[in-house]
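J.: structure, please.
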Amino acid sequence: MPMRIVTVPLLLLLLLLTPVFLAAESSDQFELEIFGWVERVELLDGKFSMKAKLDSGAANSSLDATDIERFRRDGDRWVRFTVTDPETEEQVTLEKPLLRNVRIVRHGGEYQRRPVVMMPLCFGDRRREVEVNLIDRSNFIYPLLLGRSALEGYALIDSGQTFLFPPDCSGEEDGK
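T.: Numbers count the residues shown, from 1 in each chain. Just a heads-up that it's a prediction; the model follows:
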C-alpha cells in the first residue's frame with residue numbers, strides 16, 4: 001500500500017512536468033535576442049531609419065502616420081497614408097491593403113478606430129512583416145512602438161539598455 005501512495009504522486013508529477021520539458025526543448029529552436037527598450041528600426045527597405053520603443057505592455061504595434069485615408073480598390077479595402085522620416089523630414093505616401101480596423105480604448109474611456117496594415121521592418125538582423133496600426137504619433141517621442149505581437153518568439157527586452165542591435169538585414173535572403 002505505501003508503494004502505491006509514493007508511485008502515484010511521482011507519476012502525476014512526471015506527467016505534469018512533461019509539457020514543461022517539451023516546451024523548453026522546442027523553444028531552443030528559436031534564438032531570442034536581447035534588445036534595449038529603445039532600438040533603431042529600418043522601414044521601406046532601409047530608406048527610413050527611426051527610433052522605436054519596444055513595449056511588452058502593448059499588445060500591438062503603432063506607426064506614426066498622417067493623411068490616413070481608407071479607400072476601395074477592385075472591391076478590396078485599402079489605406080493610403082504618409083510616413084515621415086523623423087531625421088530628414090522626407091515624406092513618403094504609401095498604399096497598403098487594410099487588414100482590419102482596431103478599436104483602441106484611451107485613458108478617458110474614449111476610443112479610436114485605427115487601420116491596421118502589414119509593414120516590413122528590419123530590427124536587429126531580421127526583416128519581419130509586422131502588423132502596425134496607423135495613428136498620428138507626432139506628440140510622442142518615438143514614431144514607432146513595437147508591441148508584444150511584433151516581438152513574440154524573437155526578442156527579449158532589457159529595460160536598462162538602449163540601442164543594442166543596429167538594424168542590418170543586408171545578409172538576409174528569405175525574410176526570416
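J.: please determine how far Ile141 is located from Pro120.
T.: The gap separating Ile141 from Pro120 is 24 Å, by CB to CB, to the nearest Å. Where C-beta positions appear, they are placed from N, C-alpha and C, glycine not excepted.
J.: repeat that for Pro143.
T.: Distance, Pro143 to Pro120, using CB to CB: 16 Å.
J.: does the one residue sitting closest to the centre of the chain belong to a helix, a strand or coil?
T.: Nearest to the geometric centre of the chain sits Ala150, at 1.9 Å (CA atoms, centre = their mean). Following DSSP: H, G, I helix; E, B strand; the rest coil, Ala150 is assigned to helix.
J.: roughly how far apart are it and Glu39?
T.: 11 Å.
J.: which of Ile141 and Pro120 has more neighbours?
T.: Applying other CB atoms under 10 Å to Ile141 and Pro120 shows that Pro120 carries more neighbours, namely 14 against 9.
J.: for the more buried one, what are its contacts?
T.: Leu43, Asp45, Arg127, Arg128, Glu129, Val130, Gly175 (CB atoms under 8 Å, 6 or more residues apart in numbering).
J.: pLDDT on the one helix or strand it maps to, on average?
T.: Under the criterion of DSSP states H and E, Pro120 resides in strand 111-123. Strand 111-123 shows a mean pLDDT of 93.
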